[in-house]
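Novice: Sharing a sequence plus its predicted fold:
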Protein chains: 2
Amino acid sequence: MSNSILKEVKFDDKGLVPAVLQDYKTDEILMLAYMDKEALIRTLRDKKCWYWSRSRHKYWLKGETSGNIQKVKSICLDCDGDALVIKIEQVGGSACHTGYRSCFYRTLEKGRLKIRGKRVFDPDKVYKNIK
Amino acid sequence: MSNSILKEVKFDDKGLVPAVLQDYKTDEILMLAYMDKEALIRTLRDKKCWYWSRSRHKYWLKGETSGNIQKVKSICLDCDGDALVIKIEQVGGSACHTGYRSCFYRTLEKGRLKIRGKRVFDPDKVYKNIK
């Protein structure tokens, strides 16, 4: 694939780069996940976000199970070339497997983490067929 | 320090957690940097962002040299406990050592990275005393 970003991204010693996912309309930060070169190539090709799952050791098309895919609107690279910001349209309204809109649904308040926001879906129903 | 976030954060195998820095008013993403436990403790204590510099192997009070410190407004932790979003007031208006407001000043357009935005300061002047 001929794309200058593939040459500019500096993947870390595990071959990964962190990608920050941001809602393209509201600028809310929805999640942070990791791509290797192949996941970035697939993301550029499909205009849908692919990641490398560090826990499952496999490529992961976000929304593959839940239907909550992420349509890519823009991709930015940082000054050092080792982090991405991807603006997306979050299908289904929720990026988090817990059912919250954003993975960052816990905020520190007076020394304690408090849950903010409401669940968009019930994860027990969406992921019921996964062992 | 008694703070529940210190128990909840899962630092990686290098003892680090990525922190996404977001302007507390505009929600623009300004940079991504890494904290270890000590940097997070200092950040909570001072309400200014401290990082662990992976390249310089030292603690780094953002703005120590440039004066562009980052005043902490809120801290959110993600579902897995392995990423932070910190909303800040960026003193001086620029988070990036290159002089741009955001480190993410390059956007992919038609297969090429294009510079967006203007420089807020001239890095040669701000960092002129650093060898």
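Specialist: Looks like it arrived, so ask away.
Novice: quick one: low-confidence ranges for chain A?
Specialist: Within chain A, the stretches falling below the threshold (pLDDT under 70) are A:1-2, A:128-131.
Novice: switch the cut-off to 50
Specialist: In the predicted model, chain A carries pLDDT under 50 at residues A:131.
Novice: now the strands for it?
Specialist: With DSSP state E as the criterion, chain A has strands at A:17-23, A:29-35, A:50-53, A:58-61, A:70-77, A:84-90, A:106-109, A:112-115.
Novice: can you put those strands in a markdown table and add mean neighbour count?
Specialist: Glycine gets a C-beta too; all of them are placed from N, C-alpha and C. Listed next are the strands of chain A as a markdown table, based on neighbours: other C-beta atoms under 10 Å in any protein chain shown:
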| stretch | mean neighbour count |
| --- | --- |
| strand A:17-23 | 23 |
| strand A:29-35 | 24 |
| strand A:50-53 | 20 |
| strand A:58-61 | 14 |
| strand A:70-77 | 20 |
| strand A:84-90 | 22 |
| strand A:106-109 | 18 |
| strand A:112-115 | 14 |
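Novice: Show me what whichever helix in chain A runs longest is in contact with.
Specialist: Taking residue count as the measure and DSSP state H as the definition, the longest helix of chain A comes out as helix A:37-46. Around helix A:37-46, the neighbours that count as contacts under C-beta atoms under 8 Å, 6 or more residues apart in numbering or on different chains are A:1, A:3, A:5-6, A:9, A:11, A:15, A:17, A:35, A:49-52, A:59-61, A:72, A:75, A:84, A:86.
Novice: Out of these, which are close to chain B?
Specialist: Filtering the contacts of helix A:37-46 for proximity to chain B by C-beta under 8 Å from any C-beta of the partner chain leaves A:3, A:5, A:75.
Novice: So which bits of chain A are right by chain B?
Specialist: Counting by C-beta under 8 Å from any C-beta, chain A sits next to chain B at A:2-5, A:8, A:18, A:20, A:22, A:26-29, A:31-32, A:74-80, A:83, A:85, A:96-98, A:100, A:103-108, A:111-113.
Novice: can you give me the angle the longest helix of chain A makes with strand A:70-77?
Specialist: Orientation of helix A:37-46 against strand A:70-77 (axes from the mean of the first three to the mean of the last three C-alpha atoms, to 10 degrees) gives an angle of 120 degrees.
Novice: Could you tell me the angle between helix A:37-46 and strand A:29-35?
Specialist: Using the same axes, to 10 degrees: helix A:37-46 against strand A:29-35 is 120 degrees.
Novice: Buried residues of helix A:37-46, list them for me.
Specialist: Using 16 or more other C-beta atoms under 10 Å in any protein chain shown as the burial criterion, the residues of helix A:37-46 that qualify are A:39-40, A:42-44.
Novice: closest to chain B among those residues?
Specialist: Nearest to chain B among the buried residues of helix A:37-46 is residue A:44, at 8.2 Å by C-beta to the nearest C-beta.
Novice: And the closest one, how close does it get to residue A:13?
Specialist: Between residue A:44 and residue A:13 the distance is 23 Å, computed by C-beta to C-beta, to the nearest Å.
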